[in-house]
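Student: build me a model:
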Amino acid sequence: MRSGSFRRTGRILYLTEDPLLIARQLAGENLGWPLAAPLRDDISNDEITPVWTMYHYDQRLARHALVGLVADGGPVVAPGALAAGGFEVSVSGRRRGRGSSREHAPYAELCAGIRLIFARSFEHIYRKNCTNLGILTSTNFALLEALERGESLPLEEFLDEADVLDAQVIRHGGIFPFSAARAAGRLPSLAVRGGPRAMTLAEKIFARHWQGGAQAVSPGEVGFVRADLRVSHEYITPMAASFLRLSLGPEVVLHDPDSILLFRDHLTFVDEVLEQPCLLAAAQELEAEQKSFAATHGLRLIGEQSDRRGSIAISHNYLLEQCALPGQLVVSADSHAPHMGALGCLALGVGATALACSWLTGDLRVEVPATVNIELRGRFGFGVAAKDLMLHLLRLPDVRAGCLSGKLVEYTGEALAQLEIGERATLTNMATELGALSSLIAPDARTQAWLLQRGVARDEAEALCAQRSDPDAVYARTFVVDVAALRPMVALPGDPGNGVELAALPEEVAIQRAFIGSCTASKASDMDMVAEVLHACLQQGRRVDERVELIIQLGSVAVREHCARRGHLALFARCGARVLEPACGACCKAGPGVSLAPDEVTVSAGNRNYPGRSGPGPVYLASPYTVAASAIAGRIVPYMQESAAGLSRETRHAH
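Tutor: You can find the predicted model right below:
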């Protein structure tokens, strides 16, 4: 057990909107609370630790804490400045820790000396990672005032916002001491409250996987759930493995190794964009560490193709195509794990510590979240895709204010019938951008056809696809969206929530690069959309604008085979596109598709455009339709119905 109180011995860093105030603190000045200047909101994990810092997974991260914060086009915190400043407490505004589930962000802060973080609100995974690492968190700024007065804070003050299990983790000082206490039987047993009740699909999945059994569960219930699959990639495996070694020594026995899948899908093309020899060496170290861990524990590593350059698949695509089933519960060290929710699978993104513990125990500690229903009505218009719907949702004021933080999303409604599985995966994939814990769609006839195509027996597929929410299940909230009213969207640089209708762009945006790839936009359905646009333009004698580089990156070997069968690969080549084998490096600045200079403008079908994530240049997010049309035009434009005139019905991609 940790000490029963927190007494500040270091300094407090206030992350304000005014970068000069931050600079003055880094230079030695102490500010007091309350502040005259507003605190900085929406600090993402990409700002706490930029993607290139993920090549490190140990104490070296201390030097890189907060170096991604930018103001007026320049960095706010220099490398090593946080650690050198003697800071122990960090303070910011709302939605701290947005975006990626990577634990590098709070771990870097911990390594730099931070022991307590205040924020107006936290994103769910970031706060859970802090708790797992032993960092205290609070939204109670009265405690901050007490610290400023030099008072000691009882540990109990940090338990008010925690569930029963998280409170135990906090008391023990982190997830590994907590897990040791659990293994020794020193924790009180937990009983499920109440009896049978109407449940959402997600609640039913939690109940079926509940350790100790549960007829039903309710939002707020805490316990442990068994995982059908536990997944990691080369950025996270070495960190999780190092946590296990530090906590338990080298002789670690993993639970059910056959249900653990490791992927090499992020760094396959990193040598094409990474110029710093030290970082390239660190990337190679990550690959070697993952291979060693897989060999030591007999784990399946789905790596690179043997006959050509590229990965076998991006993990989320592979799992959707070959592994995930309706009603399963999957734990993954990647925040886009809800990709599998397209099949009615509940997939949870977690940090490295939670993943490492799941490798040991086979389960995951959870608090059952409330479910929000997003009901989709009407029919999608021409040139409007699931990505446009997502960019619309992300710009809603309530969503931007964090109303979905820590909740589950279930998509329902008549419009879903128009969306094939790949388009549904675009919606569920981006749960983390919404701030949600996960998202899913109840299986239906399309799901059953998908499973049959995968080789699942008909009777099994029918049984799996019978799962759905009870008619009288209770949702925390319902959003109703008329998809017929949607128009092609684009997210302005800096945040996926900066969505505007394409027609409302204030000025013409010339582009130098168009990227179609990442887990969100490398599926067969995405390739069909791109092929429709390029085929229409080729019929009119138009190819990719000579000033634009169009990169199309496939999501898996299966997607390449689909493209070859349908003639897409030849079409892409005739239009002037560069086609890459599977990997997801561009969205984490580790592969082709990233900008190389601050004035290079990219339009991307990926999922994130936080500053610096895909290079120094501005990144606009849009659907595959829009990105392909923009590559032809040389500027950001929608795919117009006139462009498709003369195409046969068979050639067009139908939602």
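Student: can you show me the helices along the stretch 451-600 of the chain?
Tutor: Ranges of helices in the stretch 451-600 of the chain, per DSSP state H, counting those that start in this stretch, are 458-464, 524-539, 557-566, 568-575.
Student: what does the first one contact?
Tutor: Going back to what we said before, that points to helix 458-464. 325, 326, 327, 344, 443, 447, 448, 451, 452, 456 (CB atoms under 8 Å, 6 or more residues apart in numbering). (C-beta placed from N, C-alpha, C; glycine too.)
Student: centre of the chain to that helix, how far?
Tutor: 30 Å (CA atoms, centre = their mean, to the nearest Å).
Student: list the buried residues for that helix?
Tutor: Along helix 458-464, these residues count as buried under the neighbour rule (16 or more other CB atoms under 10 Å): 461, 464.
Student: quick one: the most centrally placed residue in the chain from residue 635, how far?
Tutor: Centroid-nearest residue in the chain, with CA atoms, centre = their mean: residue 335, separated by 2.8 Å. Separation of residue 335 from residue 635 (CB to CB, to the nearest Å) stands at 32 Å.
Student: next one: phi and psi at residue 304?
Tutor: phi -90, psi 160 (degrees, to the nearest 10).
Student: list the contacts of it.
Tutor: By CB under 8 Å, 6+ apart, residue 304 lies in contact with 264, 268, 310, 311, 312.
Student: that older thread, and the residue nearest to the centre of the chain, what does it touch?
Tutor: 99, 100, 101, 102, 125, 349, 432.
Student: now render those as a markdown table, adding pLDDT and distance to residue 614.
Tutor: Putting the contacts of residue 335 into a markdown table (pLDDT from 0 to 100; distance: CB to CB, whole Å) gives the following:
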| residue | pLDDT | distance to residue 614 |
| --- | --- | --- |
| 99 | 84 | 13 |
| 100 | 80 | 13 |
| 101 | 77 | 18 |
| 102 | 83 | 16 |
| 125 | 90 | 21 |
| 349 | 94 | 20 |
| 432 | 93 | 17 |
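Student: can you lay out these as a markdown table showing secondary structure and neighbour count?
Tutor: Formatted as a markdown table, the contacts of residue 335 follow (DSSP: H, G, I helix; E, B strand; the rest coil; neighbours: other CB atoms under 10 Å):
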| residue | secondary structure | neighbour count |
| --- | --- | --- |
| 99 | coil | 27 |
| 100 | coil | 30 |
| 101 | coil | 28 |
| 102 | coil | 29 |
| 125 | helix | 28 |
| 349 | strand | 26 |
| 432 | helix | 26 |
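Student: what ranges do the strands span in the stretch 51-200 of the chain?
Tutor: 70-71, 74-75, 87-91, 116-118, 136-138, 153-154 (DSSP state E, counting those that start in this stretch).
Student: also the stretch 501-650 of the chain?
Tutor: Using DSSP E, counting those that start in this stretch, strands in the stretch 501-650 of the chain cover 513-516, 549-553, 578-580, 602-604, 619-621.
Student: for residue 27, find the nearest of the ones you listed.
Tutor: In terms of CB to CB, the element of these nearest to residue 27 is strand 619-621, at 32.5 Å.
Student: list the helices and strands that closest one packs on?
Tutor: Under the contact criterion of 3 or more CB pairs under 8 Å, 6 or more residues apart in numbering; DSSP states H and E, strand 619-621 touches strand 489-491, strand 602-604.
Student: any idea how far it is from the middle of the chain?
Tutor: The answer for strand 619-621 is 17 Å, by CA atoms, centre = their mean.
Student: got the buried residues for it?
Tutor: Buried, per 16+ other CB under 10 Å, within strand 619-621: 619, 620, 621.
Student: among those, which one sits closest to residue 492?
Tutor: Using CB to CB, residue 620 is the member of those that lies nearest residue 492, at 6.5 Å.
Student: show me the contacts for the residue nearest to that closest one when sequence neighbours are not counted.
Tutor: In space, residue 620 comes closest to residue 603 once its chain neighbours are excluded; the distance is 4.7 Å by CB to CB, 6 or more residues apart in numbering. With contact taken as CB under 8 Å, 6+ apart, residue 603 is in contact with 490, 509, 511, 513-515, 619-622, 626-627, 630-631, 636.
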